[in-house]
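Novice: 3D, please:
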Amino acid sequence: PSLVRSAPGTRCARRRPAQPFGAHVSSPDQPTRRIVGIVGNVALMLGTLVLLTVVGEIGVRVSAQRLDAVARDDGSIKYRFNPFRPDGRLSYRLRPNWATVHQTASFEVEVHTNALGFRGGPARASKEPGQRRILVLGDSFAFGWGVEDSESFPAQLEVELGSNYEVLNASVPGWSADHHYLYLEQEGYALEPDLILLALFDNDISDLGLNHHDFDAANLPERIESRIRRVDQSGRLRYVNDGPLVPPTLEFPGKRWLADHSELYHWMRFRLAKLWLIRAREETGARPPDHLRVAEGAIESLSDAEVQRGLENDPDFQLRYHDYLVEAIRRGAKRRGIPVRIITIAGEECCSGKPRVARLHARCQDDPDCRDTARWVEDAATPGERVFFDSDQHWNARGHQIAGRAASLWLAESVFAAQPTPASEPAP
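Specialist: Numbering: from 1, shown residues only. Predicted coordinates for the structure are as follows:
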């Protein structure tokens, strides 16, 4: 090595070898810089993901703008029946302040919702002074499937009872007793009804098995997620599957928040469920777990998994849980001083080969607070008169008229005759 000449009286110093060009020189700050770089990259990826999510959410919401009708090739108009919206707790419900046309081969009717998200004319949460309020809960029958707003039996009931009675039609197609219970607990009781009228149809029992539930300590529903129905971004209720295969329900952190606030989340759920079904149909082993059995015992003593498994696989348990929900509604209403009345609705071919449905209607005959509408229709309809649509099991306008008239007479006698009549109200 070369030596550097030093000044007199000093020691010689060895020259430091020159570093080759481009060689890396370590620094005490190198680990810190590396960590900062990693953090920066992660932040960039997260920011990009958030940006894409926001853009996707906006895109779904913008694409959900009204698309009420499309033109067919022959020049005719095809209306889209789109009054629905996703709901984080109830799975789906009706949009507020909406108007659409419901069109099939059998009918073409207008459907309007009010500010409360109920079918019918204007309504508000607070009652008018001196007015009695009836809250109707049911599925597509009580909703008025295939008839005009004014022809549904809740609307007919309001007309029959008189101007000092208000009937709120909170019915939603596809809802069952689990929806009715949860809706009352979350919102319905706050409307301060003077009477709750449950309209229960034949398939309400089996429909319980089509929903996934989050249960409270008493195994009553806190959240409902339909496993086969999804609302698309245009507001139509779409069926992911009508066969035995049912998409699994996934749990992950933040799911409840997304269900409550994100349209993109529901859009993705629908499409992922469709993809799952395509894959499941290709696999020979994909079958519903019909071999599973539910544990015996009181429903409130079972685990969440046992209750859900029973609802998905055991028709007898479905009937037990249906009764459990109805009794929970009665108890909740009784605590608030609200009477509950029930009507059971049968399709044109009611109970052939359906022993559990037959038991539901038989129980109603022994319950003083329940009426079977099949008898109302049988007594009022003339021989050969059609009260059902030819294309499905729903009442036509005449069926709704009979039910509204009979319900008004029954309620006026069994409920309102025993209550003091407001001074401004004529007796029904």
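Novice: secondary structure element for V147, which one?
Specialist: Under DSSP states H and E, no helix or strand contains V147.
Novice: pretty sure it contacts Q401?
Specialist: No: using Cβ atoms under 8 Å, V147 is not in contact with Q401, being 9.4 Å away. In this view, the C-beta of every residue, glycine as well, is placed from N, C-alpha and C.
Novice: next secondary structure element downstream of the helix or strand hosting L264?
Specialist: L264 is part of helix 263-282 when elements are defined by DSSP H and E. As assigned by DSSP H and E, the chain's next helix or strand after helix 263-282 is helix 304-313.
Novice: and that following helix, what's its mean pLDDT?
Specialist: Mean pLDDT, computed over helix 304-313, is 90.
Novice: and it, what's buried?
Specialist: 306-313 (16 or more other Cβ atoms under 10 Å).
Novice: same check, this time on stretch 406-421
Specialist: By neighbour count with 16+ other Cβ under 10 Å, stretch 406-421 contains the buried residues 406-408, 411-412, 415-416.
Novice: OK, contacts around the residue lying closest to D367 once chain neighbours are set aside?
Specialist: Sequence neighbours aside, I342 is the residue nearest to D367 in space, at 7.1 Å (criterion: Cβ to Cβ, 6 or more residues apart in numbering). Taking Cβ atoms under 8 Å, 6 or more residues apart in numbering, we find I342 in contact with 197-200, 326, 364, 367, 369-371.
Novice: check whether the residue lying closest to L137 once chain neighbours are set aside sits in a helix, strand or coil.
Specialist: Once flanking residues are discounted, L137 sits nearest to H180: 4.4 Å by Cβ to Cβ, 6+ apart. The three-state label given to H180 by DSSP: H, G, I helix; E, B strand; the rest coil is helix.
Novice: hmm, back to that, neighbour count winner among V147 and Q401?
Specialist: With neighbours defined as other Cβ atoms under 10 Å, V147 and Q401 compare such that V147 has more, 25 against 20.
Novice: quick one, phi/psi of the closest residue to the more buried one other than its chain neighbours?
Specialist: Distance criterion Cβ to Cβ, 6+ apart; nearest residue to V147, sequence neighbours excluded, is A397 at 4.9 Å. Main-chain dihedrals, A397, degrees, to the nearest 10: phi -60, psi -40.
Novice: and A397, what's its pLDDT?
Specialist: For A397, the model assigns a pLDDT of 96.
Novice: what about it, neighbour count?
Specialist: Counted with other Cβ under 10 Å, A397 comes out at 20.
Novice: equivalent analysis for R95, please.
Specialist: The local packing of R95 (other Cβ under 10 Å) involves 15 other residues.
Novice: excluding sequence neighbours, find me the nearest residue to it.
Specialist: Closest residue to R95 apart from its sequence neighbours, by Cβ to Cβ, 6+ apart: R85 at 4.7 Å.
Novice: for the helix or strand harbouring that neighbour, packing partners?
Specialist: According to DSSP H and E, R85 maps onto strand 84-87. Contact partners of strand 84-87 among helices and strands, from 3 or more Cβ pairs under 8 Å, 6 or more residues apart in numbering; DSSP states H and E: strand 91-94, strand 229-231.
Novice: just send the buried residues of helix 304-313 back as JSON lines, with distance to G209 too.
Specialist: Output for those, formatted as JSON lines (distance: Cβ to Cβ, whole Å):
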{"residue": "E306", "distance to G209": "14"}
{"residue": "V307", "distance to G209": "11"}
{"residue": "Q308", "distance to G209": "9"}
{"residue": "R309", "distance to G209": "10"}
{"residue": "G310", "distance to G209": "9"}
{"residue": "L311", "distance to G209": "5"}
{"residue": "E312", "distance to G209": "5"}
{"residue": "N313", "distance to G209": "7"}
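Novice: out of those, the closest to F143 would be?
Specialist: If you rank the buried residues of helix 304-313 by distance to F143 using Cβ to Cβ, L311 comes first, at 23.4 Å.
Novice: any weak-confidence spans in the stretch 201-350 of the chain?
Specialist: Within the stretch 201-350 of the chain, the stretches with pLDDT under 70 are 241-251, 255-256, 259-261, 263, 266-267, 269-295, 348-350.
Novice: residue contacts, P129?
Specialist: Contacts of P129 by Cβ under 8 Å, 6+ apart: none found.
Novice: hmm, I was thinking of E185
Specialist: Contacts of E185 (Cβ under 8 Å, 6+ apart): G332.
Novice: residue numbering should commence at 48 henceforth.
Specialist: Will do, 48 is the new start, and the previous item becomes E232.
Novice: can you tell me how far it is from T160?
Specialist: Taking Cβ to Cβ, to the nearest Å as the measure, E232 falls 22 Å from T160.
Novice: and if you look at R382?
Specialist: Going from R382 to T160 by Cβ to Cβ gives 30 Å.
Novice: ok, the two, which is more surrounded?
Specialist: Neighbours were tallied for R382 and for T160 using other Cβ under 10 Å; the higher tally belongs to T160 (22 against 9).
Novice: and the closest residue in space to the more buried one that isn't next to it in sequence, what is it in contact with?
Specialist: In this structure, T160 finds its nearest non-sequential neighbour in W145, 4.7 Å apart by Cβ to Cβ, 6+ apart. Applying Cβ under 8 Å, 6+ apart, one finds that W145 lies in contact with 130, 158-160, 282.
Novice: what about 10 Å?
Specialist: By Cβ atoms under 10 Å, 6 or more residues apart in numbering, the residues touching W145 are 113, 129-132, 158-161, 164, 166, 282.
Novice: narrow the residues you listed to those in helices?
Specialist: Counting by DSSP state H, those place none of their members in helices.
Novice: closest to M315 among these?
Specialist: Nearest to M315 among the contacts of W145 is R132, at 16.1 Å by Cβ to Cβ.
Novice: so how many other residues sit close to that closest one?
Specialist: Quick note: R132 (other Cβ under 10 Å) scores 18 neighbours.
Novice: quickly list what it is bridged to.
Specialist: Taking DSSP bridges as the rule, R132 bridges to R140.
Novice: quick check: the gap between it and L284.
Specialist: 10 Å.
Novice: repeat for D363
Specialist: Distance, D363 to L284, using Cβ to Cβ: 29 Å.
Novice: show me which of these two is the more surrounded one.
Specialist: L284 (17 against 13).
Novice: that one contacts R142, doesn't it?
Specialist: No: using Cβ atoms under 10 Å as the test, L284 is too far from R142 to be in contact (11.5 Å).
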